[in-house]
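Trainee: Make a model of this:
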Amino acid sequence: MDANLQKYLAFVKAVEYESFTKAASGLGIIQYRSGFCKAFVYLAFVKAVEYESFTKAASVLNYSQSGISRMISDLEKEWDMILLER
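Mentor: As a prediction, the model looks like this:
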């Protein structure tokens with residue numbers, strides 16, 4: 001399977017399962033945090049918007065609130081735009 005397709009499927013499944021571990025298991029692949037890093041940032045953003053809360057998104061993703069906030073802040077810097085008003 002193409003590596004980009006595998007990452008895309010992992011992201012879609014992660015959104016569905018709200019877990020990268022379950023997504024990786026469901027796709028029969030090993031979870032590599034670095035391989036899913038960008039997809040995880042996008043998932044964190046989607047969940048923060050969905051729940052209107054970094055804390056709730058962090059809880060759902062089993063991650064720290066400060067980690068979610070940092071990922072979104074880094075994404076804002078990368079895209080040179082404000083994604084969420086704090």
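Trainee: Pull the longest helix seen in the chain out as PDB, backbone CA atoms only.
Mentor: Counting by DSSP state H, the longest helix found in the chain is helix 33-51. What follows is helix 33-51, C-alpha atoms only, in PDB (Å, rounded to 0.1, in the frame of the first residue of the first chain):
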ATOM      1  CA  ARG A  33       4.000   8.500  16.400                       C
ATOM      2  CA  SER A  34       6.500  10.200  14.000                       C
ATOM      3  CA  GLY A  35       4.700   8.800  11.000                       C
ATOM      4  CA  PHE A  36       1.300  10.000  12.200                       C
ATOM      5  CA  CYS A  37       2.600  13.200  13.700                       C
ATOM      6  CA  LYS A  38       1.100  15.700  11.200                       C
ATOM      7  CA  ALA A  39      -2.100  13.700  11.000                       C
ATOM      8  CA  PHE A  40      -2.300  13.700  14.800                       C
ATOM      9  CA  VAL A  41      -2.000  17.500  14.800                       C
ATOM     10  CA  TYR A  42      -4.900  17.800  12.300                       C
ATOM     11  CA  LEU A  43      -6.900  15.400  14.400                       C
ATOM     12  CA  ALA A  44      -6.200  17.400  17.600                       C
ATOM     13  CA  PHE A  45      -7.400  20.500  15.700                       C
ATOM     14  CA  VAL A  46     -10.600  18.800  14.500                       C
ATOM     15  CA  LYS A  47     -11.400  17.600  18.000                       C
ATOM     16  CA  ALA A  48     -10.700  20.900  19.600                       C
ATOM     17  CA  VAL A  49     -13.100  22.600  17.200                       C
ATOM     18  CA  GLU A  50     -15.700  19.800  17.600                       C
ATOM     19  CA  TYR A  51     -15.600  19.900  21.400                       C
END
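Trainee: Whatever helix or strand comes next after it packs against which elements?
Mentor: Using DSSP states H and E, the helix or strand that follows helix 33-51 in sequence is helix 54-61. Using 3 or more Cβ pairs under 8 Å, 6 or more residues apart in numbering; DSSP states H and E, the elements in contact with helix 54-61 are helix 33-51, helix 65-79. The C-beta positions use only the backbone N, C-alpha and C, and glycine is treated the same way.
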